[in-house]
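A.B. asks: With the sequence up front, the predicted model follows.
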Amino acid sequence: MQTNSLSVDSAVSTASMGLMSLWEQTTSPGEIFPALSGEQHADVAIVGGGYTGLSAALHAAERGLRALVLEAREPGWGASGRNGGQVIPGLKYDPPEILAKYGPQKGADLIRFIGEAPRQVFELIARHGIDCDARQCGWIQPAHNAAMEQTLRQRARSWLETGADVEILERERLAELLGSTAYRMAWLDKRAGSLNPLGYARGLARAAARAGAAIYAQSPVQELERTSDGYRLVTPDGAAVRARKVILATNAYTDDLWPGLRRGIIPVHTFQVATEPLDESIRRTILPYGHVSSDSRRVLLYFRLDAQGRFVMGGVGSVREPVDRKVFEHLLAATRHIFPQMTAPFQYHWYGRVAITRDFLPHLHELAPGLYTALGYNGRGVAMATALGGLLARLVAGESAESLPFPATSLRAIPLHGLRNLYVAAARTYYRLRDIAA
């Protein structure tokens with residue numbers, strides 16, 4: 001989720017509710033980056049210091065480009081530091097659907113790209129020595145009702161046909177790996193894994209800076225204008241950057257900096273809770289082999305243990321930011337249903353944003369000559385934002401969009417975007433009713 005950044009009002013409301021992010025409390029401090037001052041020059045200016053922007057900066061700098069990141073708060077402060085830390089391959093569409101949509105050649109390229117996205121994450125972590133508790137431990141997706149069982153069986157088979165390391169889990173094997181009898185079957189994708197998301201974001205920032213990228217914190221971009229030789233970006237105190245090319249990497253916190261971009265996504269809040277480290281006798285009974293999991297609900301639940309044995313549960317929430325801690329109660333109820341043996345109280349409560357698109361696919365756009373964006377990860381942001389950040393670096397280095405394994409599309413607004421709060425509330429109610437149906 002991109003993970004992104006919360007507004008100032010969000011920070012105030014979070015503090016007033018006594019909310020505390022697990023990742024903020026258990027991650028080493030990030031480097032302190034200065035605010036932008038004066039007028040700087042770059043080959044590419046990147047707006048946003050989450051996974052997309054930091055990956056783009058790192059890959060661009062490694063290609064010899066002068067990359068400069070402008071982050072409104074600090075790297076990883078938003079959704080890139082607040083998500084569930086599940087590194088999952090793929091999209092919301094299965095391989096046969098991707099082939100039907102994009103054709104045999106482009107579809108095969110895309111399937112290969114999205115399948116390898118977690119490997120890119122773990123290779124970056126290893127190559128740059130990023131301290132973020134990374135484990136390629138595998139992801140379990142259980143069927144939440146009988147109607148989804150056939151869908152998940154076909155999903156696993158379709159990925160098996162591509163050569164992916166996946167497995168169908170029947171009830172007994174699933175109960176062993178999950179530590180729960182709440183689900184009847186699932187599939188296991190062994191390419192996936194887990195990490196501390198804020199630690200990963202801060203590690204990407206360090207790696208990008210070591211590679212030569214300039215990173216500026218507390219530097220929100222207020223103006224973006226075309227110039228004769230590229231673009232000029234201005235922060236509220238009058239500091240500016242002149243760049244030949246620009247990447248907008250703001251995802252769920254996209255505003256009106258570029259006309260119409262915000263109307264292509266719907267930002268939705270996702271809520272998470274976590275315990276302190278579980279007693280070893282209980283810890284051995286919940287996800288005992290270290291897998292991560294998110295189920296097949298449309299209004300899904302996702303859960304895991306962190307590296308120290310804390311239980312983490314998350315779920316999609318509302319469009320509006322929470323006003324009190326009651327919004328987390330459904331996560332407690334879900335935990336008690338799936339893992340009745342887990343009685344430890346939740347000590348950590350936090351939230352972030354995820355960007356939803358109309359077609360439930362990430363979008364890669366060239367908004368104007370030399371102006372690019374990637375956004376709308378629909379809950380798969382850790383792996384996909386990292387991978388698409390690398391593609392954005394290839395674009396600003398001069399490669400054509402046609403040569404990339406991920407399709408570039410035209411910007412399209414979601415109809416009736418101004419009614420998004422009502423739309424999401426109605427959709428959430430509808431999907432919850434469908435989730436209940438057998």
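C.D. replies: Alright, I've got the coordinates.

A.B. asks: elements contacting the helix or strand hosting A333?
C.D. replies: Assigned by DSSP states H and E, A333 belongs to helix 329-338. With contacts taken as 3 or more C-beta pairs under 8 Å, 6 or more residues apart in numbering; DSSP states H and E, helix 329-338 sits against strand 266-277, strand 301-305, strand 310-316. From N, CA and C alone the C-beta is placed, and that goes for glycine too.

A.B. asks: who touches that helix?
C.D. replies: 180, 182, 271-273, 301, 303, 311, 313-315, 342, 346 (C-beta atoms under 8 Å, 6 or more residues apart in numbering).

A.B. asks: now stretch 361-370
C.D. replies: Contact with stretch 361-370 is made by 91-93, 226, 230-231, 244-246, 248, 258, 261, 264, 357, 372-378, 380, 384, 388, 391-392, 395-396, 401, 404, 406-411, as judged by C-beta under 8 Å, 6+ apart.

A.B. asks: ditto for stretch 390-410
C.D. replies: Stretch 390-410 is touched from outside by 43-44, 52, 55-60, 62-63, 65, 102, 106, 109-110, 112-113, 120, 245, 247, 249, 362-366, 370, 372, 374, 387-388, with contacts defined as C-beta under 8 Å, 6+ apart.

A.B. asks: CA atoms only for it - export them in PDB, please.
C.D. replies: Provided in PDB are the C-alpha atoms of stretch 390-410 (Å, rounded to 0.1, in the frame of the first residue of the first chain):
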ATOM      1  CA  GLY A 390      13.000   0.600 -12.100                       C
ATOM      2  CA  LEU A 391      10.900   0.900 -15.300                       C
ATOM      3  CA  LEU A 392      10.500   4.700 -14.700                       C
ATOM      4  CA  ALA A 393      14.300   5.000 -14.500                       C
ATOM      5  CA  ARG A 394      14.500   3.200 -17.800                       C
ATOM      6  CA  LEU A 395      12.100   5.700 -19.300                       C
ATOM      7  CA  VAL A 396      13.900   8.800 -18.100                       C
ATOM      8  CA  ALA A 397      17.100   7.200 -19.300                       C
ATOM      9  CA  GLY A 398      15.700   7.300 -22.900                       C
ATOM     10  CA  GLU A 399      14.100   3.900 -23.400                       C
ATOM     11  CA  SER A 400      10.800   3.900 -25.200                       C
ATOM     12  CA  ALA A 401       7.600   2.900 -23.400                       C
ATOM     13  CA  GLU A 402       7.000   0.200 -26.100                       C
ATOM     14  CA  SER A 403      10.100  -1.600 -25.000                       C
ATOM     15  CA  LEU A 404       9.000  -2.000 -21.400                       C
ATOM     16  CA  PRO A 405       7.300  -5.200 -20.100                       C
ATOM     17  CA  PHE A 406       4.600  -3.100 -18.400                       C
ATOM     18  CA  PRO A 407       2.100  -1.200 -20.700                       C
ATOM     19  CA  ALA A 408       1.900   2.500 -20.600                       C
ATOM     20  CA  THR A 409      -1.700   3.800 -20.800                       C
ATOM     21  CA  SER A 410      -3.500   7.100 -21.200                       C
END
